[in-house]
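Colleague: For reference, the sequence and a predicted model appear below.
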2 protein chains.
Amino acid sequence: MSHTEFTPEHLKEIYDFAVQLAKDAGRMLMDGVDARCGNDSTAGIQQEQVEKDSSVDIVTQTDEDVEAFVKERITKKYPSHDFIGEETYSKGASKDYLITSAPTWCVDPLDGTVNYTHLFPMFCVSIAFILDSKPTIGVIYAPFLNQIFSACSGQGAWLNETRRLPLVRNPVPPMPEQAPKGCVFSCEWGKDRKDVPDGNLYRKIESFVNMAGEIGGRGGKGGMVHGVRSLGSATLDLAYVAMGSFDIWWEGGCWEWDVAAGICLLQEAGGLVTTANPPSDPATAEITDVKLGSRLYLAIRPAGSSATETGRESQERVVREVWKRVRHLDYSRPGA
Amino acid sequence: MSHTEFTPEHLKEIYDFAVQLAKDAGRMLMDGVDARCGNDSTAGIQQEQVEKDSSVDIVTQTDEDVEAFVKERITKKYPSHDFIGEETYSKGASKDYLITSAPTWCVDPLDGTVNYTHLFPMFCVSIAFILDSKPTIGVIYAPFLNQIFSACSGQGAWLNETRRLPLVRNPVPPMPEQAPKGCVFSCEWGKDRKDVPDGNLYRKIESFVNMAGEIGGRGGKGGMVHGVRSLGSATLDLAYVAMGSFDIWWEGGCWEWDVAAGICLLQEAGGLVTTANPPSDPATAEITDVKLGSRLYLAIRPAGSSATETGRESQERVVREVWKRVRHLDYSRPGA
């Protein structure tokens, strides 16, 4: 089945379905929070057990329950579509990239698992619908924040279904002239903490410090970004780039279910997403759209034109300025 | 006027006043957001001007307007109380610590200014009432997140006036046995980005990497924290420690108006806050309450007892584990 067989009406139906599904899944995540806080009438009984298990088991269970719920709803409504979920994928033996040109749902039932475990509100459910390998519908719901982000190809990107993204859009501001100076830079420390010289941890840190250091410092690489932010959720990082809150997000190591919905959202908002790893010729290399399964992502917020540049030109300028300052990360991937 | 002259009824009246004041001030912050997004009927006219000024002037103006509003309301209602606000203080020549034993309001009209400038939701107003040099009432309102945090000495700490903090409290979990492993560690990059060997930037980074690195790595200092978070708001960092979401917050460089309300909140929730700078004998030094104006803060979340430790013992254990891994920061302060 090719992309062209989906009429606008059909896509709209799928979009509405995905938004409602995200809301229902988000409510399940909050039920898990309430149970752990003892805000549920049945929770008191389970409370002791929960604490004994350091809350890890209940999180795993919620994660699996939400994925099963989402998968069941999707396969019932759209039995011909493929489904890739974080939980089922992670339990499989293969780490291959499995998304084909077929209509495919790519779902992270719980992004920001560490945040959820600790009840820090930056967690969400992420639901993407992919056509011809392109994220075409994306819905991200962060229930503790009461924020739902949604986008459908050609329909724009939205916060809480009423506020078009980016937030500032009359006009959309261009990227700062001296970027990365003036930019909010979002990045994540991730799980790879091996104390290996030139391992991913040290490559990331060197990159972060280059972006943060004063202008003229770091052997000329100092970027003096306006702020460095780490939320612990790749999905919400992308949502806040789409919102225009973060100017730059640079990350290696996450997976397609972490970013598929966010990429749709960002592209619909007018953002750019390409690879995190700098090419050999950062000043002149062609800037291509990111490969969904590449595990290496560099996102730039929506940007308007200035007197001297189009929005896209200013985004590409910032991509090159980031590439000059960051290290190559090592996250290999079969089939991507 | 000493603390003892305030009856519980009088304190309750001041507390209610502070909560309402924070709500009103937060609404002014959101009016500034709406004006920049063009969601206000009068905003269209000003939009071009706003973008021309890179939105910095409107942020400064909102910051000053909110402080003037809060100050006027306080001085009208409580003319005998002292007032210290971030905006008025920063314009003064002195950097001395000015809080005395007199009843004093300590206010940050806008914490997370960079976030506010970029419309990232992690910004708030922070209002503290200090008696005998102790933060006695603290109210923090993050209007874009719809989260209000409030506390009054002896009355507990609350989220949105209905949910007692920490969120998980039946029972409150002890600190992880192998902490900092298992902990969410919150830290900020700050504004001091000087590329000076052994300057604050490098001391911070070395500390962050020690906390993050694998166990056994970093010359034995690897702490393998569960996650590293940077929000860009010291006030909200403290609020999330009080909520139990962040286990550890370590920071140097912020000021009393950034932390006064948050310290009240955290202490009422059962947390601990002491100095960021490790003493010469981290394993045995007495762990004293933080000095409000010290600019050096280490906060540990509320903790319950286990079979082998009281909550306080487990918090002190974590303080020592952090002190072993972090560097001494250089933020001197006259009079603190």
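Modeller: Here it is on my side, so go on.
Colleague: where does the residue in the stretch 51-200 of chain A that chain B sits nearest to land in three-state SS?
Modeller: Distances between the stretch 51-200 of chain A and chain B by C-beta to the nearest C-beta are smallest at residue A:195, namely 2.8 Å. All C-beta spots, glycine's among them, are computed from the backbone N, C-alpha and C. Here residue A:195 is recorded as coil under DSSP: H, G, I helix; E, B strand; the rest coil.
Colleague: show me what contacts it?
Modeller: Counting by C-beta atoms under 8 Å, 6 or more residues apart in numbering or on different chains, residue A:195 touches A:201, B:213-214, B:216-218, B:222.
Colleague: Smallest gap between the stretch 201-336 of chain A and chain B, at which residue?
Modeller: Closest point on the stretch 201-336 of chain A to chain B, by C-beta to the nearest C-beta, is residue A:217, at 2.7 Å.
Colleague: Nearest residue to that residue in space, please, no chain neighbours.
Modeller: With C-beta to C-beta, 6 or more residues apart in numbering or on different chains as the criterion, residue A:217 has its nearest non-adjacent residue at 2.7 Å, and that residue is residue B:195.
Colleague: State the distance from that neighbour to residue B:331.
Modeller: Taking C-beta to C-beta, to the nearest Å as the measure, residue B:195 falls 18 Å from residue B:331.
Colleague: again with residue A:251
Modeller: For residue A:251 relative to residue B:331 (C-beta to C-beta), the value is 31 Å.
Colleague: Ok, residue A:31 next?
Modeller: Residue A:31 is 44 Å from residue B:331, by C-beta to C-beta.
Colleague: got it, and residue A:202?
Modeller: 27 Å.
Colleague: Over to residue A:326?
Modeller: Using C-beta to C-beta, residue A:326 is found at 29 Å from residue B:331.
Colleague: next helix or strand past the helix or strand of chain A with the lowest mean pLDDT?
Modeller: Within chain A, no helix or strand scores below helix A:43-52, which has a mean of 43 by mean pLDDT, DSSP states H and E. Heading C-terminal from helix A:43-52, the first helix or strand you meet, by DSSP states H and E, is helix A:56-77.
Colleague: Buried ones in stretch A:145-164, by neighbour count?
Modeller: A:145, A:147-153, A:157-159 (16 or more other C-beta atoms under 10 Å in any protein chain shown).
Colleague: Any chance of these in CSV with secondary structure, distance to residue A:134 and pLDDT as columns?
Modeller: Output for the buried residues of stretch A:145-164, formatted as CSV (DSSP: H, G, I helix; E, B strand; the rest coil; distance: C-beta to C-beta, whole Å; pLDDT from 0 to 100):
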residue, secondary structure, distance to residue A:134, pLDDT
A:145, coil, 28, 97
A:147, strand, 25, 98
A:148, strand, 22, 98
A:149, strand, 18, 98
A:150, strand, 17, 98
A:151, strand, 12, 98
A:152, strand, 12, 98
A:153, coil, 8, 96
A:157, strand, 15, 98
A:158, strand, 19, 98
A:159, strand, 22, 98
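Colleague: filter those by proximity to chain B?
Modeller: Among those, the residues within reach of chain B (C-beta under 8 Å from any C-beta of the partner chain) are residue A:145.
Colleague: nearest to residue A:13, of the buried residues of stretch A:145-164?
Modeller: Nearest to residue A:13 among the buried residues of stretch A:145-164: residue A:152, at 10.7 Å, using C-beta to C-beta.
Colleague: Just the terminal-to-terminal distance for stretch A:217-230.
Modeller: 23 Å (C-alpha to C-alpha, to the nearest Å).
Colleague: quick one: buried residues of stretch A:16-27?
Modeller: A:17-19, A:21-22, A:25-26.
Colleague: same deal with stretch A:198-205?
Modeller: Quick answer for stretch A:198-205 (16+ other C-beta under 10 Å): A:199-205.
Colleague: Leaving aside the residues adjacent along the chain, what's closest to residue A:129?
Modeller: residue A:137 (3.9 Å).
Colleague: Setting aside sequence neighbours, what's the nearest residue to residue A:297?
Modeller: residue A:251 (5.1 Å).
Colleague: burial of that neighbour, as a residue count?
Modeller: Neighbourhood size, residue A:251 [other C-beta atoms under 10 Å in any protein chain shown]: 23.
Colleague: so which helix or strand takes in the most centrally placed residue in chain A?
Modeller: When C-alpha atoms, centre = their mean is applied to chain A, the residue found nearest the centroid is residue A:235 (2.6 Å). Assigned by DSSP H and E, residue A:235 falls within helix A:234-243.
Colleague: starting at the chain centroid, how far to that helix?
Modeller: The chain centroid and the centroid of helix A:234-243 are separated by 6 Å under C-alpha atoms, centre = their mean, to the nearest Å.
Colleague: do stretch A:280-292 as well
Modeller: 20 Å.
Colleague: Could you do stretch A:318-336 as well?
Modeller: The answer for stretch A:318-336 is 16 Å, by C-alpha atoms, centre = their mean.
Colleague: same question, stretch A:262-270
Modeller: 10 Å.
Colleague: Could you pick out the residues of the stretch 201-336 of chain A near chain B for me?
Modeller: A:201, A:205, A:209, A:212-214, A:216-218, A:222, A:224, A:226-232, A:240, A:243-247.
Colleague: Mark which of those are buried, thanks.
Modeller: For those, buried by 16+ other C-beta under 10 Å: A:201, A:205, A:209, A:212-214, A:217-218, A:222, A:224, A:226-232, A:240, A:243-247.
Colleague: part of a strand, is residue A:319?
Modeller: No - under three-state DSSP, residue A:319 falls outside any strand and is assigned helix.
Colleague: How much space separates the spatially closest residue to it that is not a sequence neighbour from residue A:132?
Modeller: For residue A:319, ignoring the flanking residues on the chain, the nearest one in space by C-beta to C-beta, 6+ apart is residue A:287 at 5.4 Å. Separation of residue A:287 from residue A:132 (C-beta to C-beta): 21 Å.
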